[in-house]
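Peer 1: Sequence plus the predicted model coming up.
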Amino acid sequence: MTSTTHPMLALTDEVRAALADGRAVVALESTIISHGMPYPRNVAMAREVEGIVRDGGAVPATIAVLDGIPRIGLSADELELLGSAPDVAKVSIRDLPSVVATRAHGATTVASTMRLAALAGIRVFVTGGLGGVHQGAASSMDESADLTELSRTDVAVVCAGVKSILDIGLTLERLETLGVPVVGYRTDEFPSFYSRTSDHRAPLRADDVETLAAMMAAKWALGLEGGIVVANPVPEAEEMARADIDGLIGQALAECDTRGISGKDITPFLLGRIVELSDGRSLETNIALVRNNARLGASLAVAHAGSRA
């Protein structure tokens, strides 16, 4: 059952028709627009990514909350509002009830985008990088809601690994404990967002979208709740060297501690500061990996739709 009639969701006509017809739809998050990149580059990137998904044979559905309404698919004007308005909140699962009740604007994180996509009946979601276990989590207990959402929501998430500012090893351990399949796409090594490598093996590997689609079908047919992580490395020509990015992350983390930045403000600060420290190169890599993930996500959505036809 899809949720095209769910009373709390507003679907665009394009998305509604595609879901009703069983055609491929790809969910896209909105935090990367409002909190991940500067304006107007963020809006241009969002429009480009939607175009890549369409070119791949799928319908894009950028997800956000506007005026308290969870929206599945956005108009050009709504994308502009999301990317430029100063009062757009960063909305994870815990924040959804408040943003909806107060009729506010909210950009959805991986976790909340997954939940809303699943409510609408969308099974493939493209993002940049996953949240995970933060460095120093043994004392701070700082762990992204993305991980628990992956354990309960039936959506395949195409990403470039977890954000390299996190503890990748502990994040992979948590995903294993939560029963979430983590699949390297055409790679044996788990990628680390800006870089193709991380010194951690990908637990599983798939070399074509048909295998990924079959894994999705098998998982959910077996009654195994939760998502699948599809780890898609950034293209080699556009990655940042591990030594370079690790140094920048270390400097940004130290500044974060000095300034007393914590909670959900950490990731936006770190990503923004790394853009500054890298003279913009990290932003270019970020955009490159999102483009790459959009291409794979569209192909996967088409394969998944075809397997259900």
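Peer 2: On my side now, so go ahead.
Peer 1: can you pull out the helices in the chain?
Peer 2: 13-21, 31-34, 41-55, 76-84, 96-101, 110-120, 137-140, 145-150, 168-177, 209-221, 242-259, 266-277, 281-308 (DSSP state H).
Peer 1: name the helices or strands packed onto the first one?
Peer 2: Spelled out, it's helix 13-21. strand 25-28, strand 59-66 (3 or more CB pairs under 8 Å, 6 or more residues apart in numbering; DSSP states H and E). Bear in mind the C-beta positions are built from the backbone N, C-alpha and C, glycine included.
Peer 1: any chance of those in TSV, with mean pLDDT and mean neighbour count too?
Peer 2: Formatted as TSV, the entries for the helices and strands packed on helix 13-21 read as follows, by pLDDT from 0 to 100; neighbours: other CB atoms under 10 Å:
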stretch	mean pLDDT	mean neighbour count
strand 25-28	98	30
strand 59-66	98	26
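Peer 1: Dump the ones you listed to a markdown table, plus distance to residue 156.
Peer 2: Shown next, in a markdown table, are the helices and strands packed on helix 13-21 (distance: least, CB to CB, whole Å):
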| stretch | distance to residue 156 |
| --- | --- |
| strand 25-28 | 10 |
| strand 59-66 | 14 |
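Peer 1: Of all these, which one is nearest residue 245?
Peer 2: When the helices and strands packed on helix 13-21 are compared by CB to CB, strand 25-28 sits nearest residue 245, at 24.5 Å.
Peer 1: In its sheet, which strands sit next to the closest one, and in what direction?
Peer 2: Paired neighbours of strand 25-28 in the sheet (DSSP bridges): strand 59-66 (parallel), strand 124-126 (parallel).
Peer 1: In TSV, list the ones you listed along with distance to residue 80.
Peer 2: Formatted as TSV, these follow (distance: least, CB to CB, whole Å):
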stretch	distance to residue 80
strand 59-66	12
strand 124-126	21
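Peer 1: List the residues that contact residue 115.
Peer 2: Taking CB atoms under 8 Å, 6 or more residues apart in numbering, we find residue 115 in contact with 93, 96, 149, 153.
Peer 1: Looks like the third one contacts residue 113 (just checking).
Peer 2: No: using CB atoms under 8 Å, residue 149 is not in contact with residue 113, being 9.2 Å away.
Peer 1: Show me which of these two is the more surrounded one.
Peer 2: Neighbours per residue, other CB atoms under 10 Å: of residue 149 and residue 113, the larger number sits with residue 113, 34 against 26.
Peer 1: hang on, the earlier thing: nearest to residue 192, of the helices of the chain?
Peer 2: Evaluated with CB to CB, these place helix 168-177 nearest to residue 192, the distance being 6.0 Å.
Peer 1: Okay, buried residues for the closest one please.
Peer 2: Residues 168, 170-172, 174-175 are the ones in helix 168-177 that count as buried (16 or more other CB atoms under 10 Å).
Peer 1: any idea how far residue 266 is from residue 255?
Peer 2: Distance, residue 255 to residue 266, using CB to CB, to the nearest Å: 11 Å.
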